[in-house]
Structure formats: structure tokens, C-alpha cells
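[1] My questions concern the predicted model and sequence given below.
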Amino acid sequence: MSTELESTRRALRDAVAQAERAAELARLLDAAQAKLAEAERSVEEARSLAERLSEAEAALEAERAAADKLRKELAEQRFQAEVANWKLSSIKVARWSRLGDAIRTGKSNPVRLAKGLRGAAKPVKRPVAPKRKPIAVSVKAKEERPGAAFQATTSTRTLEGTSFRLKPFRVPTGPNTRPHLTAAVIADPHAEALLRYEWRQTTGFTPRDFARVLPLEVPHLLVVESVTQGPWAEEVTGEPGEGIRALLAWCAERGIRTVFWHTKGDVNAYAATAQLFDHRFTNDLSVPWPRLQFGVQPRVHNPLPLAGGRIDRVLTLDQLLPGHLAYPDVLTSYRWPAAADCPPGTPQWRLAEIAACGTPIGTEPDSRRAHVALRRAYQMGTMTERVDEMLETIGLPSARATLETSVLLPITDPSLTEHGLAQVARQSGVAQVIIIGPPEAELRARDVLPDVEVIHRRPQPSMTAGAMLNAGLDLCEADLVAVMDARDVYGPHYLSDLRRAFLFCTADIVGKAAYYVHLRKPQATLLKQPGAEYAYLPEISGATLLGRRNALREIGFADLSDDWDEVMMRQCRTDGIKVFSADRFGYVRVRDEDRWLLGAAQLVEYGSAEPHALI
């Protein structure tokens with residue numbers, strides 16, 4: 001009996017203890033549910049506040065725009081009033097007006113009339129015309145988003161205690177390669193600089209405001225780099241943040257393709273986020289994703305020099321890129337030294353960017369080696385070509401302008417036919433050759449140029465060289481048109497080097513103002529205008545002319561046998577058409593003799609010009 005009683009007591013104690021634990025669990029559950037409800041209310045309040053903040057920002061932006069518009073209208077009205085007053089004052093002091101006043105006031109008094117006429121005859125200073133004044137606009141808060149301001153800010157460099165003041169490289173603002181395509185891009189400044197000229201690019205949006213910013217111009221694709229700075233860095237590393245999830249969901253609802261580009265850092269840190277994207281690319285050879293390597297961006301990685309030129313010193317990479325320079329300042333530094341001494345292990349993309357800026361890499365300056373390195377950097381691939389590969393992979397069209405070339409080859413001397421055709425056959429990227437020359441040139445051209453469209457026209461006996469070029473120009477179909485002289489020598493890289501200038505300059509005509517000359521009779525090799533490389537100049541040599549077809553058709557060729565190029569250059573200056581002089585390599589002007597050149601060019605040596613020019 002006592003055993004059963006004790007067992008019952010233990011069972012009751014256990015039941016009471018379990019009931020107490022259950023009550024405690026119920027209390028904890030109620031508390032947790034209360035906290036969860038409170039958290040949900042807080043989230044809802046935060047979401048509501050964020051929406052209200054976005055609405056307030058939009059309203060503030062609209063108010064700023066309206067205020068700026070009213071300010072501009074008021075300034076315009078004030079200016080027009082000043083113009084009206086100026087016109088009235090000008091009329092009053094005009095001689096004819098003062099003569100009329102003198103006659104009117106002195107018609108009954110001969111003395112007053114004579115005095116008035118003498119006064120009206122004297123010159124009077126006219127009032128100065130008013131000028132438009134800068135209109136003050138509302139000042140926004142300083143923009144801290146990545147890529148919002150992309151110009152150099154540091155103009156001073158220090159070497160061994162000495163300060164040097166640089167005129168910064170001006171980063172171009174356009175145009176872009178594919179104006180039909182819009183991309184929303186989240187990237188660090190380096191990658192943004194590589195991509196920003198490839199399409200219309202939207203940047204600077206944050207996890208908080210993307211839903212307001214992106215609808216202003218709905219993108220065709222979203223590109224997200226493995227960023228290490230800015231408001232998205234925490235969103236894409238480790239566990240994907242709510243902001244990046246919301247952005248991807250927004251894109252999915254609208255059928256916008258999404259791309260993740262791993263460029264740096266441990267791929268495992270970004271793997272979870274990358275899996276949420278439609279497509280993944282990497283520049284790391286050890287990661288089993290499709291490749292998307294860095295390429296040089298011609299708009300910023302090019303041999304356009306700094307305004308102050310280069311310093312006459314070879315700099316180490318640490319001296320070249322001190323501290324934490326913003327990327328626009330890096331682009332300035334690339335162009336500064338006579339040469340850059342880069343240590344083993346320097347990333348290949350860094351070497352390519354330095355070489356593409358025309359800076360020799362090594363312990364001594366060497367312009368010939370620098371030119372070959374620049375050519376190789378572009379041959380490794382530009383960012384335009386990389387984006388072509390990416391767009392093809394994700395299924396978007398990559399339509400863009402080409403650099404295909406039609407070549408105009410007038411042959412006035414049948415004995416030059418073979419030589420002239422051989423110069424064209426050396427070139428790459430030629431889509432069409434228009435030959436204006438003797439009948440035998442057509443058959444020979446089809447043998448020498450089997451993979452190129454050949455069009456032959458026989459010139460009239462009275463046709464000048466300019467008339468022959470005009471006749472051929474009407475037959476050109478490629479975007480670019482090159483003029484070649486059958487007397488001269490053109491290296492195998494001549495056209496490809498010259499075409500490259502259209503990737504970074506804004507000229508309609510490119511050629512060479514600096515070039516080598518070989519005079520047969522004295523066996524002299526000369527260098528004309530050695531300082532005229534990579535510059536916008538008044539004129540270039542007609543035998544090196546490469547121009548946009550439409551621009552050349554507007555100007556036309558003068559009906560002259562000699563100096564047609566000088567007439568064209570004068571017309572370009574009159575019409576405001578830019579002309580750009582590229583490098584001095586790849587071309588040799590060949591003549592028997594030329595007294596003017598002997599006095600106007602620098603003597604290189606007595607001997608062949610080809611070892612100097614054709615590299």
C-alpha cells in the first residue's frame with residue numbers, strides 16, 4: 001500500500017513539474033509571439049517610412065526641378081529686358097538718330113541746328129551688349145555613391161620629396177558603343193570605367209531606392225560585380241541580403257536578364273548570391289564558370305597624352321600609383337612617366353592598361369617597344385569585344401558600328417600596279433577595294449586579293465587624282481574609307497593601327513602628320529614632324545587618310561592632281577571637322593627627291609626607312 005502511495009506521489013510531482021514547464025513554455029511562446037508581432041510592426045513601419053522617404057525625395061527632386069525651371073525663366077526674362085534696353089540705348093546714340101534729334105530741335109534756330117549737327121557728327125561710344133549670366137541652380141547634397149563623379153581629383157604627385165603638378169586626364173563622358181542597350185550596373189570604380197562606354201549605363205542606385213530609380217529607364221540587363229565597397233557590398237557577400245533579393249525579384253518580374261561578374265575576392269564569399277542570377281561569369285581561371293576577363297577600354301586606356309607631357313623619369317609601380325588613388329587619378333598616372341618599371345607578378349590587366357596608354361614598360365623609355373606593347377594590349381581584347389561575348393552568351397543583340405574599311409587605290413602609272421596591290425594585300429579588315437587604274441589592274445587585283453570585293457574603274461585620260469578619288473568614293477560601302485598611294489610603302493599593321501584611333505578619338509578623319517620619308521636619289525630617311533603624334537591637328541598627309549565615309553562624301557576631293565589633300569584639310573578647318581594625327585609607324589612616303597622635305601624634316605640616317613617605320 002505504501003509503495004503504491006509513493007508511486008502515486010511521484011507521478012503527481014512529475015505531472016505538476018511538467019505542467020509548470022508547459023506553463024513556462026506557453027509563457028515564453030506568448031512572449032516570443034508578442035516580440036515577433038512587434039518586430040513585424042516595426043518592419044512594416046520601417047517599410048512605410050522608407051516609402052514615405054522615397055516619396056519625399058521624389059517630391060524634393062521635383063521641387064528642385066521646378067525651382068530651377070522658374071529660375072531659368074526669370075533669368076531669361078531679365079536678359080531679354082536688358083537686351084531691349086541695350087537696343088534702345090544703341091538707337092539713341094546712333095548717328096542717324098542724333099542727327100534727327102538735332103534737326104528736330106534746331107529747325108527754328110539756325111545756331112542751335114549747327115551746334116546740334118556738329119555734336120551729332122562726333123563719334124559716340126556705343127553701350128556694351130549684355131551677356132548671359134550663369135544661372136544658379138539648386139545644390140544637391142554631395143553624392144557619395146560609387147561612380148557618381150568620375151573625374152580626376154588629385155593633381156599633385158610627390159617623388160622623393162619633390163612635388164609635381166599634373167594637369168589631370170579628362171575622362172570622356174561619351175559616346176557609348178551600343179546606344180540601343182541600357183544596363184543597370186553595380187560595380188566598383190575600375191569595372192564601372194570598363195563598362196560605362198559599352199551601353200547606356202545606370203549606376204548609383206541603392207538597395208533603398210532602386211525601385212524608384214530604375215523605372216526611369218528600365219534596363220535590358222543587370223550586371224553586378226563582386227563589389228567590395230558601397231551600399232551593395234554587404235548585400236552580395238555571404239548570405240544574400242534582402243536588398244539584392246528584392247532587386248533580382250524586380251528584374252524577374254520584368255524579364256530583365258541578370259549577370260553576376262566575379263572579378264576579385266574569394267568566389268566562395270559570393271557563391272550564394274551568384275546562384276540567384278541568370279548568368280555567372282568570372283575572370284578567375286580556377287573557377288568553373290564562363291570566362292569574362294578584363295579588357296582595355298579604348299575610351300580611357302589610350303595614348304592620348306597629358307597636357308603637360310611626360311616626366312623625364314622611369315617610375316616604379318609604387319611611385320606611379322601611390323596610396324589609394326581614385327581610378328580617374330590612376331588614368332592620369334598611367335600617362336605621366338617616361339617609362340614604368342613593373343615588378344614580376346604585376347596583374348596582366350594592369351600591364352595591359354599601362355601599355356594601352358602608350359607608356360613603355362621597362363627600365364628605359366623605348367617608343368618602338370611601347371608601340372608594339374600598345375598594339376598587343378589591344379590585340380588581347382578590348383572591353384567592347386568582351387561585352388560582345390557576354391551578350392552573345394546571355395542572348396542579347398550586340399549590334400554596334402564596325403571599323404570595316406573600303407580602300408581607294410588610284411593608279412596613275414601602270415608600272416606601280418603590282419607594288420600598290422601588294423600594299424593593300426598586307427592589310428587586315430579590308431572589306432572592299434576600289435581601283436581606279438589601267439585595265440590590267442582589275443585581273444591582277446582579283447588574283448592578289450581573292451577574299452576582298454574588288455571594284456575596278458578605268459579613268460578618263462583627263463582625270464586628276466582628286467577626280468579619280470571622287471569617282472571611287474561614290475562606290476564605297478564600308479563605314480571607313482582609306483586612301484592609299486601606289487608609290488608608298490604600308491606595313492602589315494598600318495590600317496589596323498590607324499583604325500584603332502577611331503576607338504578613342506572624336507575625329508572624322510584620321511591619318512599621319514608624323515611619318516617617315518625615304519628619298520631614293522640621296523638614299524636619305526627622314527622623319528617629318530616627330531612631335532605630331534596622337535594629337536588633333538590642322539592637317540595630315542593625304543596618302544595616310546582614313547575617314548568616315550559620310551564625312552568624306554560631304555567634303556569631297558578637290559579636282560586636282562597635286563595638293564588635293566591640302567584643299568581638303570582647309571575645308572575641314574572651315575567646316576569644323578576634326579582631324580587626328582595618329583602614330584608615326586607603319587608608313588613610308590617614297591619619292592625620288594624632295595627639296596622641301598630635306599629642309600623641313602629630321603634626318604634619321606642614310607639608308608632604308610623600313611626598319612624604322614615598319615614594326
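    Thanks, I have the structure now. Residues are numbered from 1 along each chain as shown.
[2] going forward, measure contacts and count neighbours with C-alpha atoms only.
    Will do.
[3] Now do the contacts for residue 340.
    When contacts are counted by Cα atoms under 8 Å, 6 or more residues apart in numbering, residue 340 touches 314, 315, 316, 317, 320, 359, 360, 361, 362, 363.
[4] quick check, residue 13 in a helix?
    Yes - under DSSP: H, G, I helix; E, B strand; the rest coil, residue 13 falls within a helix.
[5] Need the pLDDT of it.
    pLDDT, residue 13: 75.
[6] if we can go back for a sec, among the contacts of residue 340, pick out the one closest to residue 189, please.
    residue 320 (18.6 Å; Cα to Cα).
[7] Which element, helix or strand, includes residue 158?
    strand 156-159 (DSSP states H and E).
[8] how close does the nearest residue to residue 601 once chain neighbours are set aside sit to residue 221?
    Excluding the flanking residues, the one nearest residue 601 by Cα to Cα, 6 or more residues apart in numbering is residue 528, at 4.5 Å. For residue 528, the distance to residue 221 (Cα to Cα, to the nearest Å) stands at 49 Å.
[9] repeat for residue 498
    For residue 498, the distance to residue 221 - Cα to Cα - is 33 Å.
[10] just residue 177 next, same as before
    16 Å.
[11] Now do stretch 412-430, average pLDDT.
    The pLDDT scores in stretch 412-430 average 96.
[12] Quick one: end-to-end distance for that stretch.
    One end of stretch 412-430 to the other measures 22 Å (Cα to Cα).
[13] For it, give me every contacting residue.
    Residues contacting stretch 412-430 (Cα under 8 Å, 6+ apart): 403-407, 409, 411, 437-438, 441, 444-445, 448-449, 452, 465, 485-496.
[14] CA atoms of the strand holding residue 158 as CSV?
    Taking C-alpha atoms only, strand 156-159 is exported to CSV below (Å, rounded to 0.1, in the frame of the first residue of the first chain):
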residue,chain,number,x,y,z
THR,A,156,49.8,66.7,-57.4
ARG,A,157,52.3,63.8,-57.1
THR,A,158,55.4,63.7,-54.9
LEU,A,159,58.6,61.9,-55.8
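[15] Distance from that strand to the middle of the chain?
    27 Å (Cα atoms, centre = their mean, to the nearest Å).
[16] same question, stretch 310-330
    For stretch 310-330, the separation from the chain centroid amounts to 21 Å (computed by Cα atoms, centre = their mean).
[17] Stretch 540-550 too?
    Per Cα atoms, centre = their mean, the centroid offset for stretch 540-550 relative to its chain is 22 Å.
[18] Please apply the same query to stretch 304-311.
    Average the C-alpha atoms of stretch 304-311, do the same for its chain, and the two points are 19 Å apart (Cα atoms, centre = their mean).
[19] What residues of it count as buried?
    304, 305, 306, 310 (16 or more other Cα atoms under 10 Å).
[20] Closest one to residue 457 out of those, please.
    Nearest to residue 457 out of the buried residues of stretch 304-311 is residue 304 (Cα to Cα; 39.3 Å).
[21] Phi, psi for the closest one please.
    The phi/psi pair for residue 304 (degrees, to the nearest 10) reads phi -60, psi 120.
[22] what's near enough to touch it?
    357, 534, 535.
[23] related to what we said a few turns ago, so the residue nearest to residue 601 is in contact with residue 515, correct?
    Yes - contact criterion Cα atoms under 8 Å: residue 528 and residue 515 qualify, at 5.5 Å.
[24] More neighbours: those two, which one.
    residue 515 (26 against 21; other Cα atoms under 10 Å).
[25] What distance do you get for the more buried one to residue 308?
    23 Å.
[26] separation between the residue nearest to residue 601 and residue 547?
    Distance from residue 528 to residue 547, by Cα to Cα: 22 Å.
[27] One more: residue 289?
    Residue 289 is 41 Å from residue 547, by Cα to Cα.
[28] Give the residue from those two that has the larger number of neighbours.
    Just comparing residue 289 and residue 547: by other Cα under 10 Å the higher neighbour count belongs to residue 547, 23 against 15.
[29] thinking the more buried one is in contact with residue 480, fair?
    Yes - using Cα under 8 Å as the test, residue 547 is close enough to residue 480 to be in contact (5.6 Å).
[30] Using the three-state scheme, assign the residue nearest in space to the middle of the chain.
    Centroid check for the chain by Cα atoms, centre = their mean gives residue 299 as the closest residue, at 3.3 Å. At residue 299, secondary structure determined by three-state DSSP is coil.
[31] any idea how far stretch 551-559 is from the chain center?
    28 Å.
[32] same question but for stretch 448-462, I mixed them up
    Counting by Cα atoms, centre = their mean, stretch 448-462 comes out at 37 Å from the chain centroid.
[33] can you dump the C-alpha coordinates of that stretch into CSV?
    Only the C-alpha atoms of stretch 448-462 are listed here, as CSV (Å, rounded to 0.1, in the frame of the first residue of the first chain):
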residue,chain,number,x,y,z
VAL,A,448,46.2,39.3,-105.3
LEU,A,449,43.0,40.0,-103.2
PRO,A,450,40.9,36.8,-103.6
ASP,A,451,38.9,37.4,-100.4
VAL,A,452,38.1,41.0,-100.9
GLU,A,453,35.4,42.7,-103.0
VAL,A,454,37.3,44.3,-105.9
ILE,A,455,35.7,47.1,-108.0
HIS,A,456,37.6,48.5,-110.9
ARG,A,457,37.1,51.6,-112.9
ARG,A,458,39.1,52.8,-115.8
PRO,A,459,39.9,56.5,-115.5
GLN,A,460,39.4,59.0,-118.3
PRO,A,461,42.7,60.4,-119.7
SER,A,462,41.9,63.9,-118.4
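[34] Which parts of that stretch count as buried, going by neighbours?
    Judged by neighbour count using 16+ other Cα under 10 Å, the buried positions of stretch 448-462 are 449, 452, 454, 455, 456, 457, 458, 459.
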